[in-house]
Each structure stands twice: as C-alpha cells, then as structure tokens.
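J.: here is my input; please provide its structure:
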Amino acid sequence: MSETLEIQQIVEHLQGVLENLVLRGLRAAGATDRNALATLGAEFTRIGAGHLAERVLALREAIENDLRDGPERLLKTQASLRLFERILTLEVARASLEQWQSDERPSVRSTALAGAPQEGSDEPESE
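T.: The predicted structure is shown next:
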C-alpha cells in the first residue's frame, strides 16, 4: 500500500471518530473512542503530523478527564484535520504534476532532432 493511501485511511478513520463524537457527545465517548484517539495520535506522530497528533491527544485528555474545554478541543482537532487534508491534497497534486512533467519532457536528443532540418524535406531551402 502506498504511503499516501495509508495516510488517507488514517485521516478517514479520524474523521469517523470525530463525527461520532459530534453526534453522540463527548460525555458518551467510551473506552473504544479513547483508545481510537490514542492510536490515531500515535499514527499521526509516526507520519510526521505532530501538530495534528497533539490536537488528537489533547481531545483524548479532555474526554478522559471530563474537561470543560472538550468541545473547544474537538473543534480545534477538526480544524487541524481539515488543514492537514488540504496540505496533503496539495502535496499529492504537486508530486503528480512533477511526475507528469518528467514523463512528458522530451529527451535532449529528440529536442535537438526536432530543430534540425529533416532529410528529404519537401520544403525548399531558403537562400
């Protein structure tokens, strides 16, 4: 599995957990939700998304300790996730464009041949 697809699956998993928390409420979150947030925090740390990992783990802490700023942490986590998705999309698009350009770029030899007069050309030479 490519790294991008793996990251996409992690993002989708976090989206699902966050949507669940919004629908059910933070106080209804059980051990499964807290464990999922801990795992996702570790995954985001592993892939280099430290800021998002901090947000996820802060949300987990708020749920575990029934902190008053839990809803605020949930919204900040959602905002960070959306930003991460946009950055990831731009990076994937940039990498695809670079790949496409390198595949489409003619070789130096074919570029030189394109500028050279063709043998047996039907066009008269200018004097």
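
J.: and residue 26, how far from residue 4?
T.: Residue 26 is 31 Å from residue 4, where distance means CB to CB, to the nearest Å. Where you see a C-beta, it was placed from the backbone N, CA and C, and this is true even at glycine.

J.: repeat for residue 79
T.: 22 Å.

J.: repeat for residue 69
T.: According to CB to CB, residue 69 stands 33 Å off from residue 4.

J.: and residue 82, by the same measure?
T.: 18 Å.

J.: repeat for residue 92
T.: 6 Å.

J.: now swap in residue 50 and tell me
T.: Distance from residue 50 to residue 4, by CB to CB: 19 Å.

J.: repeat for residue 16
T.: The value you get for residue 16 to residue 4, if CB to CB is used, is 19 Å.

J.: same check, this time on residue 51
T.: 19 Å.

J.: and what of residue 15?
T.: Counting by CB to CB, the gap from residue 15 to residue 4 is 16 Å.

J.: same question for residue 93.
T.: For residue 93, the distance to residue 4 - CB to CB - is 11 Å.

J.: find the residue at the geometric middle of the protein.
T.: residue 88 (2.8 Å; CA atoms, centre = their mean).

J.: now do the contacts for that one.
T.: With contact taken as CB atoms under 8 Å, 6 or more residues apart in numbering, residue 88 is in contact with 4, 7-8, 11.

J.: now with 7 Å, please.
T.: Under the criterion of CB atoms under 7 Å, 6 or more residues apart in numbering, the neighbours of residue 88 are residue 7.

J.: also residue 79?
T.: Contacts of residue 79 (CB under 7 Å, 6+ apart): none.

J.: what residue ranges in this protein score low on pLDDT?
T.: 1, 105-127 (pLDDT under 70).

J.: pull out the buried residues from the longest helix anywhere in it.
T.: As assigned by DSSP state H, the longest helix anywhere in the chain is helix 70-104. Neighbour-count burial for helix 70-104 flags 70, 73-74, 77-78, 80-81, 84-85, 88 (criterion: 16 or more other CB atoms under 10 Å).
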